[in-house]
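Student: build me a model:
(chains A and B)
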2 protein chains.
Amino acid sequence: MLYLATYDIERNSLRTKIAKLLESSGLDRIQFSVFVGVLTNSQQIALQKKVGKLFESQENANFMLLLLEQRAFFDSTHVGDRPPDWSYLKGEKDVLIF
Amino acid sequence: MLYLATYDIERNSLRTKIAKLLESSGLDRIQFSVFVGVLTNSQQIALQKKVGKLFESQENANFMLLLLEQRAFFDSTHVGDRPPDWSYLKGEKDVLIF
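Tutor: All right, here's what the predicted structure looks like:
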């Protein structure tokens, strides 16, 4: 399943840990605190457990994992100086260029 | 259509302007730089034009509008101390509590 992960984390060191965890879980960074990627059901559960462990006794730390349809990227738009790699997000190629 | 808006904006004043624009466009803030809401096609086009205008001559400013299925919120998860208002996001009630 295709997921979008976003977070709001106040503490810098925790934010860095979560970003590393998301990358090591196979997600790709498309904005500073927005990641996207495919996870199996068990990978998704494992990821949440790890986030939960890192978040223990932390305040102002929030993490959301949203289920996306691949077509989300066909009807989506971007404004700015660093557009995401749409071909990759649309599943047209395997390697993200960012 | 249901949209998720996310942004990466370096300049504080521009970030504030975009957040206000998103709120005035009827989107609801669910994380610091993540908004969600329903836009018609013409509202979506108008919003992008306004973002484009605010982004003129700006560096390190990126804005993404992703098309979501309502069911995204039925299969999504959250970890942290301030969970989103799932009932609202699932379309079960009209008023967001945050």
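
Student: next, give phi and psi for the residue lying closest to residue A:58 once chain neighbours are set aside.
Tutor: Nearest residue to residue A:58, sequence neighbours excluded (C-beta to C-beta, 6 or more residues apart in numbering or on different chains): residue A:14, at 6.0 Å. All C-beta spots, glycine's among them, are computed from the backbone N, C-alpha and C. Phi and psi for residue A:14, reported as degrees, to the nearest 10, are phi -70, psi -40.

Student: surely residue A:89 touches residue A:38?
Tutor: No: using C-beta atoms under 8 Å, residue A:89 is not in contact with residue A:38, being 11.4 Å away.

Student: those two: which is more packed in?
Tutor: Neighbours per residue (other C-beta atoms under 10 Å in any protein chain shown) separate residue A:89 from residue A:38, with residue A:89 holding more: 21 against 15.

Student: give the burial count for the nearest residue to the more buried one once chain neighbours are set aside, as a bare number.
Tutor: Spatially, and ignoring its direct neighbours in sequence, residue A:89 is nearest to residue A:73 (4.1 Å; C-beta to C-beta, 6+ apart). By other C-beta under 10 Å, the residues close to residue A:73 number 21.

Student: those helices in chain A, which residues are they?
Tutor: Here chain A has its helices, by DSSP state H, at A:12-24, A:41-55, A:86-89.

Student: rebuild those as CSV, extending it with mean pLDDT.
Tutor: Shown next, in CSV, are the helices of chain A (pLDDT from 0 to 100):
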stretch, mean pLDDT
helix A:12-24, 97
helix A:41-55, 96
helix A:86-89, 83
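
Student: need the ones you listed in JSON lines (columns: distance to residue B:21).
Tutor: Shown next, in JSON lines, are the helices of chain A (distance: least, C-beta to C-beta, whole Å):
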{"stretch": "helix A:12-24", "distance to residue B:21": "26"}
{"stretch": "helix A:41-55", "distance to residue B:21": "31"}
{"stretch": "helix A:86-89", "distance to residue B:21": "24"}
